[in-house]
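Colleague: one predicted model, sequence on top.
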Amino acid sequence: MSAEVFSVFYQFADVFAFLILSAAGLAIVFGMMGVINMAHGEFIMCGAYVTVGLVNLGVPLAIAQILAALTAGLIGVLVEFLVVRRFYKRPLDSLLATWGLSLIVTQSMLLIVGSAVRGIGTPEGSFAIGGYTFSTYRLVLFACAVAVLAGLYIIFMKTRFGVISRATMQNAAMAKALGARTGRIYAISFGIGTGLAGLCGALYAPTMTLIPTMGATFVVESFVTVVIGGANVLLGTAPAAVLLAIIRMALNASYGQIIGQIGMLVAVILIIRVLPEGLSSVLVRRGR
């Protein structure tokens, strides 16, 4: 493989990993559960802060990242029980409630820890191919993104919990009548979504400057990836991320990151206009 070809793949993998890891949790909470979680970025921030805090206490990075994801997941279960559970049939109210939670968390973190926290540096070093130098950790992020996709597919498509969870989200009353503990299913599913958001923050913590508003960096990309993926988020999120990654990578290489961001959002508008039900609708029709 030539250095130029690998460079193109590396740029694609970097953007793809960012989109998948930032959108995976939201694909469950928003795409499957229908909760417009405006605090998604704050769960990502939670994962990043917990990771850095544990690493500074001497905990190995990988263990710190796992613990950070678990912490975000447990906080998510608590938030679901105290706040979100009351708004499953009221999506606009869930938007306002989670937006308020987002503001509270952001301002509280600003008061408690300040405007920035000392980072931990990117691990794993780098390697060279031809005249190009690449970060090894970026490939680790790509591998993690692929693993997250595989894990979500297995959990929600191949396990008993996944079947009951999807049934609950499609028709909670019928699932409850058949014996499903819908309250527990909602709490666990929301916890998985927020745990994945925390994992995203944990994985990107070594690559970013930690500030209380860092979650906003991920929110736009995560929402647009889930939205153009369509109703079947387990089927549509990955193709959506591939398409957006190709568009953004091409524009980044030619015109810079700002134009790449703008171009990606324009592409999202066009895709929604042409395919209002998202990419998954096309894949479902072709699979019949």
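Modeller: Structure's in. What do you need?

Colleague: how near is the residue nearest to residue 121 when sequence neighbours are not counted to residue 52?
Modeller: Leaving aside its sequence neighbours, residue 121 sits nearest to residue 206 (Cβ to Cβ, 6 or more residues apart in numbering; 6.2 Å). Glycine gets a C-beta too; all of them are placed from N, C-alpha and C. Separation of residue 206 from residue 52 (Cβ to Cβ, to the nearest Å): 8 Å.

Colleague: list the buried residues in the helix or strand hosting residue 147.
Modeller: According to DSSP states H and E, residue 147 maps onto helix 136-158. Buried residues in helix 136-158, counting neighbours by 16 or more other Cβ atoms under 10 Å, are found at 137, 138, 139, 141, 142, 144, 145, 148, 149, 152, 155, 156.

Colleague: before we move on, what about stretch 69-89?
Modeller: 69-73, 75-77, 79-80, 84, 87-88.

Colleague: that one: how far from the chain's middle?
Modeller: Mean-position distance between stretch 69-89 and its chain equals 16 Å (Cα atoms, centre = their mean, to the nearest Å).

Colleague: just the C-alphas of that stretch, formatted as PDB.
Modeller: C-alpha atoms of stretch 69-89 as PDB (Å, rounded to 0.1, in the frame of the first residue of the first chain):
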ATOM      1  CA  ALA A  69     -17.800   4.700  30.500                       C
ATOM      2  CA  LEU A  70     -19.400   2.800  33.400                       C
ATOM      3  CA  THR A  71     -19.600   6.000  35.400                       C
ATOM      4  CA  ALA A  72     -21.400   7.800  32.600                       C
ATOM      5  CA  GLY A  73     -23.700   4.800  32.200                       C
ATOM      6  CA  LEU A  74     -24.700   4.700  35.900                       C
ATOM      7  CA  ILE A  75     -25.300   8.500  35.900                       C
ATOM      8  CA  GLY A  76     -27.500   8.000  32.800                       C
ATOM      9  CA  VAL A  77     -29.600   5.300  34.600                       C
ATOM     10  CA  LEU A  78     -30.100   7.800  37.500                       C
ATOM     11  CA  VAL A  79     -31.000  10.600  35.100                       C
ATOM     12  CA  GLU A  80     -33.500   8.300  33.300                       C
ATOM     13  CA  PHE A  81     -35.100   7.400  36.600                       C
ATOM     14  CA  LEU A  82     -35.300  11.000  37.900                       C
ATOM     15  CA  VAL A  83     -35.900  13.000  34.800                       C
ATOM     16  CA  VAL A  84     -36.300  11.300  31.400                       C
ATOM     17  CA  ARG A  85     -38.800   8.600  32.400                       C
ATOM     18  CA  ARG A  86     -41.600  11.300  32.700                       C
ATOM     19  CA  PHE A  87     -41.100  12.500  29.100                       C
ATOM     20  CA  TYR A  88     -41.200   9.400  26.800                       C
ATOM     21  CA  LYS A  89     -44.500  10.500  25.300                       C
END
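
Colleague: per-residue confidence averaged over it?
Modeller: Averaged across stretch 69-89, pLDDT comes to 92.

Colleague: please enumerate the strands of this structure.
Modeller: 126-129, 132-135 (DSSP state E).

Colleague: residue contacts, residue 97?
Modeller: Shown in contact with residue 97 (Cβ atoms under 8 Å, 6 or more residues apart in numbering): 83, 84, 87.

Colleague: these two touch, right, the first one and residue 101?
Modeller: What that stands for is residue 83. Yes - Residue 83 lies in contact with residue 101 (Cβ atoms under 8 Å); the separation is 6.6 Å.

Colleague: circling back: mean neighbour count, the strands of the chain: which tops it?
Modeller: strand 132-135 (a mean of 14; mean count of other Cβ atoms under 10 Å).

Colleague: which elements pack onto that strand?
Modeller: When contacts are defined as 3 or more Cβ pairs under 8 Å, 6 or more residues apart in numbering; DSSP states H and E, strand 132-135 packs onto helix 3-26, strand 126-129.

Colleague: and residue 94, which of these is closest to it?
Modeller: Set against residue 94 and scored by Cβ to Cβ, the helices and strands packed on strand 132-135 come closest in helix 3-26, at 13.1 Å.
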